[in-house]
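**Student:** After the sequence you'll find the predicted model.
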Amino acid sequence: MPPRVVHSLAAFATALLTILVSNNAFAWVETTVLAAESRVELHRDASAHIQHKVTFRVQGGPLRSLDLSVSDRQIAVSGDASLAPAADSMTPQMPVPVTVEQQPDGDVRVDIDEKRGVHRGVYTLVFGYDVDLLQAGGITRDGSMLSVTWMGPKWPDGIDNVKCVIAVPASPTAPRSAYDPHGPEAGSEMGAGPVGSYLTTITRLPEFDEVALIRPHVARDEVVPWSVRIDPSAVGDVNDPRLRAPVSTSSAVALPPRHRAVLLGLAALVAIAFSIVLALKHRQVSAASSARGVAPRPLVPFGIAARVALAGPLLGAGLAAQAWLTDPNPGSIAVLAVVALTVYLAPSARHTPRGPGRWLPLTDADAFRVEKGKDPAWLDVSTTSGKVVWALVTLAYGGAVAAIGTVSFYHAHVAALDYVVIAALFWTGRKTQLPADPVRSAAPILRQIASQLRKSKAMEDTRIRAIGRLPTGAASPDELRLSIRPRHSLRGLQAIELGIAWAHGAGGSTPLFQALVRVVEDSACHDALTPRVPAARWLRGRESYERVLSVAPPLPTLEHAIRLLEALSNATCEQAPAPSQATVRRRAPKPRQPRASAPSNARKLCGTSSRTSNAGTDALPLHTTW
């Protein structure tokens with residue numbers, strides 16, 4: 001072959017090789033993801049629709065397919081996928097249809113339905129698919145709420161400000177980010193998750209609640225978990241055992257064996273101590289009840305021996321059961337049984353007939369002296385010693401509960417509820433629940449009234465003293481009253497007496513004041529008081545010629561009783577205005593007979609001034625013949 005031909009063939013081969021290499025350079029393409037946004041719409045059947053919006057830049061070209069690494073498996077592509085130029089793209093093009101399908105390795109391939117593909121520019125890819133989050137393990141129980149977690153795609157390069165919006169069906173409790181420590185309040189908060197920080201925005205809508213999560217930066221090949229906590233009613237159509245609330249018989253935390261042994265030992269000591277204390281309580285209640293002439297009235301009508309034998313062991317067993325068992329009900333039932341064995345009810349008052357007696361004046365020292373009880377009452381909160389002991393026991397019990405709380409918060413709550421045993425011990429069987437004593441209970445009240453009446457300017461010329469009823473053959477009175485008589489009283493006034501009747505109830509005795517105005521029939525005082533009290537009903541007195549007006553204050557208080565006595569004292573004084581003839585109906589005066597000449601049957605019916613005629617009448621209400 002001639003040399004000229006050889007050189008020509010070599011030049012032709014070189015040119016052909018150059019052309020082939022240049023064609024390969026035109027096929028170079030590079031994609032860079034600029035932004036990524038996902039939206040997860042959760043349905044009530046726990047299925048979810050995932051929608052991706054990816055913005056990327058294409059260099060070179062043409063680009064005919066794109067692979068995205070997603071974490072979801074077994075997806076069902078739904079909706080129309082599209083590829084469109086971004087708003088800032090310099091290459092105006094119409095939206096390009098694309099086809100999305102999942103590869104065997106799990107990645108999603110996006111095939112661009114364009115013969116020539118897409119060339120240089122910025123494009124936005126939108127596609128979506130459905131996935132079962134419950135089957136994929138994305139919905140789990142988290143206490144009283146459900147945790148919904150969706151794993152985002154993995155990107156080949158780092159991206160800033162990646163956003164994921166999780167929309168859940170509306171529910172009573174607002175959803176919240178699993179990384180937000182501030183709770184479900186709407187607004188923007190920054191919370192720290194296990195893989196970085198999240199900016200959270202919660203929006204509540206009529207049909208959906210949205211939680212927008214933004215990661216400031218996602219690293220290369222990083223799989224980001226997007227997690228929220230929702231109300232279980234948001235997926236109410238799901239009946240899966242894995243989403244049900246765990247059934248717990250108790251929230252108790254098992255105590256360590258060492259602490260449990262200490263509590264059991266304390267329970268045994270408490271059982272012994274409580275049996276002794278209950279016996280002392282019964283002794284105090286019995287002494288106070290016998291002094292008032294009544295019998296103790298326990299809630300459980302057992303003898304003291306049976307109640308002591310049952311209460312202590314039951315209390316120890318109840319405390320041990322509460323410390324040992326996870327179910328507090330058996331121990332609590334035992335503690336309530338101890339309360340029932342400890343409680344005392346208010347005894348019923350006994351109304352017994354009284355025999356004849358004499359009303360005699362008493363000095364203030366004899367009438368108003370306070371006799372201190374000989375028997376101690378340090379288990380009665382109505383006494384001073386009982387208040388002190390109760391306060392000390394309460395403080396010690398509170399310290400014990402606080403010490404238990406350092407070991408087990410649950411057992412501290414149970415121990416605090418067991419305080420009801422101490423309350424039953426100190427607050428029942430009190431002296432204030434007993435029927436009132438006509439002398440000892442009335443003495444401090446009448447002493448206070450007498451003191452205030454003597455200080456009153458309206459009662460300066462009034463004689464105020466105490467009178468007592470002494471039964472025949474007795475040395476101490478069985479009833480106490482105040483006797484009031486103005487020095488310048490109207491003719492015929494015998495005395496104004498203030499007595500106390502007692503109303504007995506479950507909470508104790510309540511004093512009811514009653515004033516008795518004793519006058520001579522048809523006297524000036526009798527005629528002056530009749531028009532002043534139109535509804536007055538005069539009753540028979542101790543003598544045949546004596547009439548008594550019974551008046552009660554509007555309210556059973558000391559102030560109203562004092563005002564009533566001042567008004568009666570003023571009305572029976574000589575300074576009181578004389579009644580008009582139009583309002584007074586005078587009776588024809590009857591000739592008075594001396595006391596010795598009174599008929600024997602009248603004296604026998606009305607008695608004398610020093611003796612009661614009706615010995616079988618109770619002291620409630622006050623009787624005018626006493």
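**Tutor:** Everything's here; your move.

**Student:** now for the helix or strand where residue 561 lies, which elements pack on it?
**Tutor:** Assigned by DSSP states H and E, residue 561 falls within helix 558-571. Helix 558-571 is packed against helix 442-455, strand 479-486, strand 493-505, strand 508-520, helix 524-532, with contacts defined by 3 or more Cβ pairs under 8 Å, 6 or more residues apart in numbering; DSSP states H and E. In short, each C-beta sits where N, CA and C put it, glycine included.

**Student:** what's the following helix or strand after the last one?
**Tutor:** Once the chain leaves helix 524-532, the next helix or strand it forms, by DSSP H and E, is strand 538-540.

**Student:** Also the first one?
**Tutor:** The element immediately downstream of helix 442-455 (helix or strand, assigned by DSSP H and E) is strand 462-471.

**Student:** Partner strands of that following strand and their direction?
**Tutor:** Strand pairing for strand 462-471, determined by DSSP bridges: strand 357-362 (antiparallel), strand 479-486 (antiparallel).

**Student:** Burial-wise, tell me which of those comes out on top.
**Tutor:** For the strands paired with strand 462-471, average neighbour numbers computed from mean count of other Cβ atoms under 10 Å are highest in strand 479-486, which has a mean of 22.

**Student:** got a list of contacts for that strand?
**Tutor:** Contacting residues not belonging to strand 479-486 are listed as 361-362, 367, 438-439, 442-443, 446, 449-450, 453, 459, 461-469, 493, 495-500, 565, 568-569, 572-573, 619, 626 [Cβ atoms under 8 Å, 6 or more residues apart in numbering].

**Student:** Check the offset of the helix holding residue 561 from the chain's centre.
**Tutor:** 46 Å (Cα atoms, centre = their mean, to the nearest Å).

**Student:** Would you map the helices across the stretch 301-450 of the chain?
**Tutor:** 304-324, 329-342, 364-367, 384-405, 409-417, 420-427, 442-455 (DSSP state H, counting those that start in this stretch).

**Student:** Select, out of those, the one closest to residue 208.
**Tutor:** In terms of Cβ to Cβ, the element of the helices of the stretch 301-450 of the chain nearest to residue 208 is helix 409-417, at 38.5 Å.

**Student:** From the contact counts, what lies against that closest one?
**Tutor:** Counting contacts by 3+ Cβ pairs under 8 Å, 6+ apart, helix 409-417 is packed against helix 304-324, helix 329-342, helix 384-405.

**Student:** Just send these back as a markdown table, with mean neighbour count and distance to residue 376 too.
**Tutor:** Output for the helices and strands packed on helix 409-417, formatted as a markdown table (neighbours: other Cβ atoms under 10 Å; distance: least, Cβ to Cβ, whole Å):
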| stretch | mean neighbour count | distance to residue 376 |
| --- | --- | --- |
| helix 304-324 | 20 | 18 |
| helix 329-342 | 19 | 19 |
| helix 384-405 | 14 | 7 |
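
**Student:** Tabulate those helices in TSV, adding columns for mean pLDDT and distance to residue 63.
**Tutor:** Compiled in TSV, the helices and strands packed on helix 409-417 are given as follows (pLDDT from 0 to 100; distance: least, Cβ to Cβ, whole Å):
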stretch	mean pLDDT	distance to residue 63
helix 304-324	90	72
helix 329-342	93	71
helix 384-405	92	67
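
**Student:** picking up where we left off before, give the buried residues for the helix holding residue 561.
**Tutor:** Buried residues in helix 558-571, counted by 16 or more other Cβ atoms under 10 Å: 561-562, 564-566, 568-569, 571.

**Student:** Just say which of the helices and strands packed on helix 558-571 is most tucked in.
**Tutor:** Using mean count of other Cβ under 10 Å, strand 479-486 ranks as the most buried of those, with a mean of 22.

**Student:** quick one: average pLDDT of that strand?
**Tutor:** For strand 479-486, the mean per-residue pLDDT is 91.

**Student:** got it, and stretch 420-439?
**Tutor:** 90.

**Student:** Name the residues of that stretch that are buried.
**Tutor:** Counting neighbours by 16+ other Cβ under 10 Å, stretch 420-439 gives 421-422, 424-431, 433-439 as buried.

**Student:** can you put the helices and strands packed on helix 558-571 in TSV and add distance to residue 288?
**Tutor:** Converted to TSV, the helices and strands packed on helix 558-571 look like this (distance: least, Cβ to Cβ, whole Å):
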stretch	distance to residue 288
helix 442-455	17
strand 479-486	20
strand 493-505	15
strand 508-520	13
helix 524-532	43
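
**Student:** These: which one's closest to residue 110?
**Tutor:** Among the helices and strands packed on helix 558-571, strand 493-505 comes nearest to residue 110, with 87.4 Å by Cβ to Cβ.

**Student:** So in that sheet, which strands flank that closest one, and in what orientation?
**Tutor:** Assessed with DSSP bridges, strand 493-505 is paired to strand 479-486 (antiparallel), strand 508-520 (antiparallel).

**Student:** Helix 524-532 and that strand, what's the angle between them?
**Tutor:** With axes from the mean of the first three to the mean of the last three Cα atoms, to 10 degrees applied, the angle from strand 493-505 to helix 524-532 works out at 50 degrees.
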